[in-house]
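**Q** Sharing a sequence plus its predicted fold:
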Amino acid sequence: MSGEIIRTRGLTKHYVLGAETVRAVRGVDVLIEPGEYVAIMGPSGSGKSTFMNMIGCLDTPTEGDYWLNGQLVSELSDDQLARVRNREIGFVFQTFNLLPRATALHNVELPLIYAGVGSRERKRRAAEKLELVGLADRMEHKPPEMSGGQRQRVAVARALVNEPALLLADEPTGNLDSVTSDEVMKQFDELNEAGQTIVVVTHEHDIAEHAKRQIHLKDGVIERDFLNQPVETPA
């Protein structure tokens, strides 16, 4: 399975709600290679959030197999999944999930604290990622002192600080206005150009257009999987 970031085979997730069985994801086969930029699309109830939780190692499948960066993770325990998440996946959420009383630098350091990295190295790597997202002058600011776009860029820096194989973004612009959304998506575009594998889960078509490939889910199965046509810029 080397040379692949994500491979799913027959990935299935069922939930039992009272007397009803909800078949959220029904046998999904997906292959995502290093350096790809993929948008997972679908309406409410399509299974995209459940699928995201499984590829993010936040949930385990009812049936099927999932390999992440060459490792079969669909059969791991919760503790093992937590270690894989911290090592292999950087998460960016709609709500930023930053500590309001901690500086931007400390927020970005957090995954390194959990990984047992020493203080000096943590600060160096966190500062490097904040510089990468254009926040070198905001390292000592706390989230309430920053704009929504700046807070989301802190979240992106935090997601990248462990050098993850996969950057997984769940509705990353959901709480942002259109101008700020464009700024954040340009950041993702630049990260992908530099080689970062990115999967964005979204219901917004203009956000999905930034990706190079779109996978549309409907009723728990893949409805369409296609490459975006490059946007031609006027001469």
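**A** Now that the structure is in, tell me what you want to look at.
**Q** excluding its backbone neighbours, what's nearest Leu76?
**A** Val84 (6.7 Å; CB to CB, 6 or more residues apart in numbering). All C-beta spots, glycine's among them, are computed from the backbone N, C-alpha and C.
**Q** buried set for the helix or strand that neighbour falls within?
**A** In the assignment (DSSP states H and E), Val84 maps to helix 78-88. Of all the residues in helix 78-88, those buried under the rule 16 or more other CB atoms under 10 Å are 81, 84-88.
**Q** shouldn't Arg9 be in contact with Asp65?
**A** Yes - here Arg9 reaches Asp65: they are 4.6 Å apart, a contact under CB atoms under 8 Å.
**Q** quick one, what contacts the spatially most central residue of the chain?
**A** For the chain, the residue nearest the mean C-alpha position is Leu168 (0.9 Å; CA atoms, centre = their mean). Each residue near Leu168 by CB atoms under 8 Å, 6 or more residues apart in numbering is listed here: 52, 55-56, 89-92, 198-199, 201.
**Q** Could you do Thr95 as well?
**A** Thr95 neighbours (CB under 8 Å, 6+ apart): Asn175.
**Q** Is it in a helix, a strand, or coil?
**A** Going by DSSP: H, G, I helix; E, B strand; the rest coil, the secondary structure assigned to Thr95 is coil.
**Q** gap between it and Arg23?
**A** 28 Å (CB to CB, to the nearest Å).
**Q** ditto for Arg83
**A** For Arg83 relative to Arg23 (CB to CB), the value is 30 Å.
**Q** Quick check: the gap between Glu36 and Val30.
**A** 11 Å.
**Q** Actually, Arg83.
**A** For Arg83 relative to Val30 (CB to CB), the value is 23 Å.
**Q** again, but for Gly90
**A** Counting by CB to CB, the gap from Gly90 to Val30 is 19 Å.
**Q** Next: Ile198.
**A** 15 Å.
**Q** Show me the contacts of Leu168 that map onto helices.
**A** Cross-referencing these against helices under DSSP state H gives 52, 55.
**Q** Could I get the contacts of Leu168 in JSON lines, plus columns for neighbour count and distance to Lys142?
**A** Listed next are the contacts of Leu168 as JSON lines, based on neighbours: other CB atoms under 10 Å; distance: CB to CB, whole Å:
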{"residue": "Met52", "neighbour count": "20", "distance to Lys142": "29"}
{"residue": "Ile55", "neighbour count": "24", "distance to Lys142": "32"}
{"residue": "Gly56", "neighbour count": "19", "distance to Lys142": "27"}
{"residue": "Ile89", "neighbour count": "22", "distance to Lys142": "26"}
{"residue": "Gly90", "neighbour count": "25", "distance to Lys142": "22"}
{"residue": "Phe91", "neighbour count": "20", "distance to Lys142": "21"}
{"residue": "Val92", "neighbour count": "26", "distance to Lys142": "19"}
{"residue": "Ile198", "neighbour count": "24", "distance to Lys142": "27"}
{"residue": "Val199", "neighbour count": "26", "distance to Lys142": "29"}
{"residue": "Val201", "neighbour count": "26", "distance to Lys142": "28"}
